[in-house]
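Student: Return atomic coordinates for the entry below.
(one chain, ligands or ions: 1)
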Amino acid sequence: MNILFATSEAAPFVKTGGLGDVCGALPVELARLGHHPTVILPAFRQVHQAGIHLEQTGVSVEVPIGQKMVRGHYLRANLPDSNVPVYFVEHHDYFDRAQPYREDGEDFRDNCERFVFYSRAALEAIPLLGLDVDLVHCHDWQAGLIPAYLHTLYADRPEFDALPSILTIHNLAYQGNFWHWDMALTGLDWKYFNWRQMEFYGNLSFLKTGITFADALTTVSPTYAEEILRPPLSCGLEGALQHRADVLTGIINGVDYDVWNPATDVFLGPELQFDADSFATNKPACKADLQRRMGLPERGDVPLLAAVGRLADQKGFDLIARVMKQWAVQIDAQWVILGTGEPKYHEALGQLAAEHPERIAVRLEFSNELAHRIEAGADMFLMPSQYEPCGLNQLYSLKYGTVPVVRATGGLADTVVNATEPTLADGTATGFSFEDYTSLALAETLERACRAYADPVVWSQLIRTGMQQDWSWTASARAYAKLYQETRERTMLAAAE
Ligand code: ADP
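Tutor: This is a model prediction of the structure:
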């Protein structure tokens, strides 16, 4: 099938989170399976700085935004190591900014206008660039208007004849809500500005619009698809989502094992690399290396607990900080934290590290290399998230023999099998999980994990089972391909009726 990916991020061109990873990897995997994806992105400044040559297409586009016509043009490149074409919508005033969506902690005030322009230019690219498209796969609020355009303004144009769309929600908390007068910028009739379609508590909501008009909806894990039907994870959109529950499914994200594989990891190098057969010797070496780099005592007998991620409320760093504070004076364990984010966490974690340098090491920075070394050297990886649409770190941890300790939510619930008597007995256990979002539940689960760590037979079994799992993109890409096909057939049938 020919799929147009309408997304504001695709690695390595532009990435601020998981959205960029998915839209960089999934099209390549679909192409491997014989499909024909094309990606269309805004030409953000990051895209120009990605070090990949962008060709001029010589094709320009004019988009009505409210009362004015706005002109842009298209650039072109390929996703690396693939034949997947990527087109970029170029408009300097809108997209040549330091960050894609915000500045100094505030969203850009013209985000509605910027993404109306992007959405309409993405659709106009189909006839202007002569793209062959069977389905548009839209991602997050930034492309949320596209399903509405296809069902309204563009429905009667033969080039868009019954073109179906799918919307993938990567994180429901980001909705693209704007004051109601911005409705005039969209070119869509005010009759759609009602609580059943585009309005969300008096505002225009791009994500709600997508949820309303897309022919199918997905989230990035099956459990998250269930959780968002009810508060609190529905973020106020439970009504809109329940109304579309029949077309909502979850497909777990895959991992790029070319990058995240301890047997080939370029940051570890040949001396430290390991696989399911050699972890018993090389993983301890990775641990010693990590302890040295982090300034912790070099000890093999003490459990090393790690967390890497955005220091945001979502990720449960308040729970981690509380348990760390208590454990640092009571329990012989080491902690390594890598992250950047909210100042309150920088302060709390930094202070704990200063008070307990022999047990706690914190790096408040973004370091891909250190993230790889932590995955390789730690014994346990903590993700006590409030919510987690998919989560990638727990999947990396499984591959690196670093036993995940997670809260059973979203993708964490779908990918980590809690160690219990039955799951240990049948050999399916891969980690530890808990339900209640409390520091007590996290502490109890960590105690349970530390008891298992003290038993080398149990611990090796957990490591080996995790390392043997396959969370590559292949299975996920197949699930998307099946959904594309079903959605196209269903919409064609509906159009014929
Ligand atoms: P989210 O997309 O919600 O931030 P994920 O677990 O899906 O969470 O993905 C986070 C990705 O970002 C992982 O690849 C993780 O290693 C990486 N990451 C987050 N913070 C840092 C950091 N400070 N240094 C290096 N990598 C980080």
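
Student: ok, the single nearest residue of the stretch 101-250 of the chain relative to the ligand - contacts?
Tutor: The minimum distance from the stretch 101-250 of the chain to the ligand, using CB to the nearest ligand atom, falls at residue 171 (6.9 Å). In short, each C-beta sits where N, CA and C put it, glycine included. With contacts defined as CB atoms under 8 Å, 6 or more residues apart in numbering, the neighbours of residue 171 are 17-18, 140, 389.

Student: Among these, which one has the most neighbours?
Tutor: Each of the contacts of residue 171 was scored by neighbours using other CB atoms under 10 Å; the highest score is residue 389's, at 30 neighbours.

Student: pLDDT score for that one?
Tutor: pLDDT recorded at residue 389 is 97.

Student: can you check residue 17 too?
Tutor: Residue 17 is assigned 83 on the pLDDT scale.

Student: What separation do you get for it and residue 311?
Tutor: Computed as CB to CB, to the nearest Å, the residue 17 to residue 311 distance reads 14 Å.

Student: still on that earlier bit, and the contacts of residue 171, which is closest to residue 279?
Tutor: residue 18 (27.0 Å; CB to CB).

Student: mind listing the strands in the stretch 301-450 of the chain by residue range?
Tutor: Along the stretch 301-450 of the chain, the segments classed as strands by DSSP state E, counting those that start in this stretch run 304-311, 334-341, 360-363, 380-383, 403-407, 432-434.

Student: At the contact with the ligand, which residues of the stretch 201-350 of the chain appear?
Tutor: In this structure, the stretch 201-350 of the chain approaches the ligand at residues 308-310, 338-340, judged by CB under 6 Å from any ligand atom.

Student: Could I get the pLDDT score of residue 258?
Tutor: Reading off the per-residue confidence, residue 258 sits at a pLDDT of 86.

Student: Helix, strand or coil: sort out it for me.
Tutor: Applying DSSP: H, G, I helix; E, B strand; the rest coil to residue 258 yields a three-state assignment of coil.

Student: residues in contact with it?
Tutor: Neighbour list for residue 258: residue 264 [criterion: CB under 8 Å, 6+ apart].

Student: how close does it sit to residue 265?
Tutor: Computed as CB to CB, the residue 258 to residue 265 distance reads 10 Å.

Student: Count the residues that sit near residue 257.
Tutor: By the measure other CB under 10 Å, the count of residues near residue 257 is 17.

Student: Would you mind finding the longest helix in this structure?
Tutor: helix 473-496 (DSSP state H).

Student: hmm, it in reach of the ligand?
Tutor: No. Interface with the ligand: helix 473-496 contributes nothing (CB under 6 Å from any ligand atom), its closest point being 13.8 Å away.

Student: can you list the residues that contact that helix?
Tutor: Residues outside helix 473-496 that contact it (CB under 8 Å, 6+ apart) are 1, 3, 25-26, 28-30, 32-33, 35, 134-135, 137, 162, 164, 166, 215-216, 218, 249, 251-256.

Student: buried residues in it?
Tutor: Using 16 or more other CB atoms under 10 Å as the test for burial, helix 473-496 gives 473, 476-477, 479-481, 483-484, 487-488, 491.

Student: Then stretch 425-433?
Tutor: Neighbour-count burial for stretch 425-433 flags 429-433 (criterion: 16+ other CB under 10 Å).

Student: repeat for stretch 235-246
Tutor: The neighbour-count criterion (16+ other CB under 10 Å) identifies 235, 237, 240-241, 244 as the buried residues of stretch 235-246.

Student: repeat for stretch 57-65
Tutor: Judged by neighbour count (16+ other CB under 10 Å), stretch 57-65 contains these buried residues: 57, 61, 63, 65.

Student: what about dumping the CA coordinates of it to CSV?
Tutor: Once non-C-alpha atoms are left out, stretch 57-65 reads as follows in CSV (Å, rounded to 0.1, in the frame of the first residue of the first chain):
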residue,chain,number,x,y,z
THR,A,57,11.7,20.1,-5.8
GLY,A,58,10.9,23.4,-7.5
VAL,A,59,7.3,22.9,-6.5
SER,A,60,5.5,25.5,-4.4
VAL,A,61,2.1,25.6,-2.7
GLU,A,62,-0.4,28.3,-1.7
VAL,A,63,-2.6,27.7,1.3
PRO,A,64,-5.5,29.9,2.5
ILE,A,65,-5.1,30.8,6.1
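
Student: What lies in contact with that stretch?
Tutor: 69-76, 87, 89, 113, 116-117, 120-121, 124-125, 128-129, 185, 187.

Student: quick one: which of those sit in strands?
Tutor: The strands in this structure, assigned by DSSP state E, contain 69-76, 87, 89 from the contacts of stretch 57-65.

Student: List only buried entries from those residues.
Tutor: With neighbours counted by 16+ other CB under 10 Å, these contain buried members at 70, 72-75, 87, 89.

Student: Include pLDDT and distance to the ligand when you put those into CSV, please.
Tutor: Rendered in CSV, the data for those read as follows (pLDDT from 0 to 100; distance: CB to the nearest ligand atom, whole Å):
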residue, pLDDT, distance to the ligand
70, 98, 31
72, 98, 29
73, 98, 31
74, 98, 29
75, 98, 27
87, 98, 25
89, 98, 24
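
Student: ok, so of these, who is nearest residue 420?
Tutor: Distances from residue 420 to those, taken as CB to CB, are shortest for residue 87 (49.7 Å).

Student: Could you tell me which residues make contact with that closest one?
Tutor: Counting by CB under 8 Å, 6+ apart, the residues that residue 87 touches are 38-41, 57, 74-76, 125, 129.

Student: what about residue 153, neighbour count?
Tutor: Number of residues near residue 153 (other CB under 10 Å) recorded here: 18.

Student: didn't it look like it was pressed against residue 192?
Tutor: No. Applying CB atoms under 8 Å as the test, residue 153 and residue 192 come out as separate, 10.5 Å apart.

Student: For the helix or strand hosting residue 293, buried residues please.
Tutor: Residue 293 belongs to helix 279-294 when assigned by DSSP states H and E. Of the residues in helix 279-294, 279, 282-283, 285-287, 289-291, 293-294 count as buried by neighbour count, 16+ other CB under 10 Å.

Student: try stretch 359-371
Tutor: When burial is assessed from 16+ other CB under 10 Å, stretch 359-371 yields the following buried residues: 359-364, 370-371.

Student: any idea which of those is the one closest to the ligand?
Tutor: Using CB to the nearest ligand atom, residue 371 is the member of the buried residues of stretch 359-371 that sits closest to the ligand, with 3.8 Å.

Student: Settle this for me: residue 77 is touching residue 56, isn't it.
Tutor: No. With the criterion set as CB under 8 Å, residue 77 and residue 56 do not qualify as a contacting pair; they are 11.1 Å apart.

Student: Have a look at the two and say which one is more surrounded.
Tutor: Under the neighbour definition other CB under 10 Å, residue 77 and residue 56 were set side by side, and residue 77 has more, 19 against 10.

Student: From the ligand, how far out is the more buried one?
Tutor: Taking CB to the nearest ligand atom, to the nearest Å as the measure, residue 77 falls 23 Å from the ligand.

Student: ok, now which ones touch that residue?
Tutor: The contact partners of residue 77, taken as CB under 8 Å, 6+ apart, are 13, 52-55, 85-86, 88.

Student: partner residues bridging it?
Tutor: With DSSP bridges as the criterion, the beta-bridge partners of residue 77 are residue 86.

Student: Any idea what residue 60 is bridged to?
Tutor: In beta-bridge terms (that is, DSSP bridges), residue 60 pairs with residue 73.
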